[in-house]
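Peer 1: fold the stuff below for me.
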Amino acid sequence: MRKILAIITISISIAGCANSPHSTVEDDVLTIQTHLKKKEQGSLAFAVRIFSHRKNDEKREKQLNEQMGYGIDSCFYRIYKGRREFPTGILPVANGIKNCYEYILLFDDFDGNVNQEQLVYRDRYISGKAYNMILK
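Peer 2: Numbers count the residues shown, from 1 in each chain. I've put the predicted structure just below:
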């Protein structure tokens with residue numbers, strides 16, 4: 001319950017952020033947009049949008065929506081002090097855009113002394129590739 005309240009509070013407070021560090025990675029299958037939304041002592045919040053360029057039939061699209069909604073928890077991690085750190089919370093955002101999957105990622109254990117962030121998305125359901133985003 002506490003995590004849900006924290007996610008909602010962060011989501012509301014970061015909605016107006018405009019000039020945050022960001023990264024866009026694109027290939028022939030996916031486009032991934034990442035924004036560092038909140039950087040405080042002890043925590044980080046990222047907003048991530050994944051756009052799929054593949055055309056899917058209705059059955060595959062329904063399956064993909066389910067996978068991207070519920071099976072995404074270990075697909076994201078950040079490189080922090082040379083090790084992988086997985087998010088403490090992932091909030092799927094219903095945005096109404098076809099073939100677009102949006103998330104708010106929360107990370108703890110942050111000391112505030114890093115000038116750039118490295119976030120990795122290891123896709124399991126669309127391309128099978130790993131995407132590395134450097135946010136400056």
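Peer 1: check the gap between the residue nearest to S127 when sequence neighbours are not counted and G128 for me.
Peer 2: Distance criterion CB to CB, 6 or more residues apart in numbering; nearest residue to S127, sequence neighbours excluded, is V29 at 4.1 Å. (Each C-beta comes from the backbone N, C-alpha and C, glycine too.) Distance, V29 to G128, by CB to CB, to the nearest Å: 9 Å.
Peer 1: try R60
Peer 2: Separation of R60 from G128 (CB to CB) stands at 15 Å.
Peer 1: kindly report the same for K39.
Peer 2: K39 is 31 Å from G128, where distance means CB to CB.
Peer 1: who has more neighbours, the two?
Peer 2: A count of neighbours by other CB atoms under 10 Å puts K39 above the other of K39 and G128, at 16 against 9.
Peer 1: could you look up the SS state of the more buried one?
Peer 2: Classification of K39 using DSSP: H, G, I helix; E, B strand; the rest coil returns strand.
Peer 1: mind checking how far it is from F107?
Peer 2: Note on K39: its distance to F107, by CB to CB, is 10 Å.
Peer 1: next one: F46
Peer 2: Between F46 and F107 the distance is 8 Å, computed by CB to CB.
Peer 1: many thanks, I have nothing further to ask.
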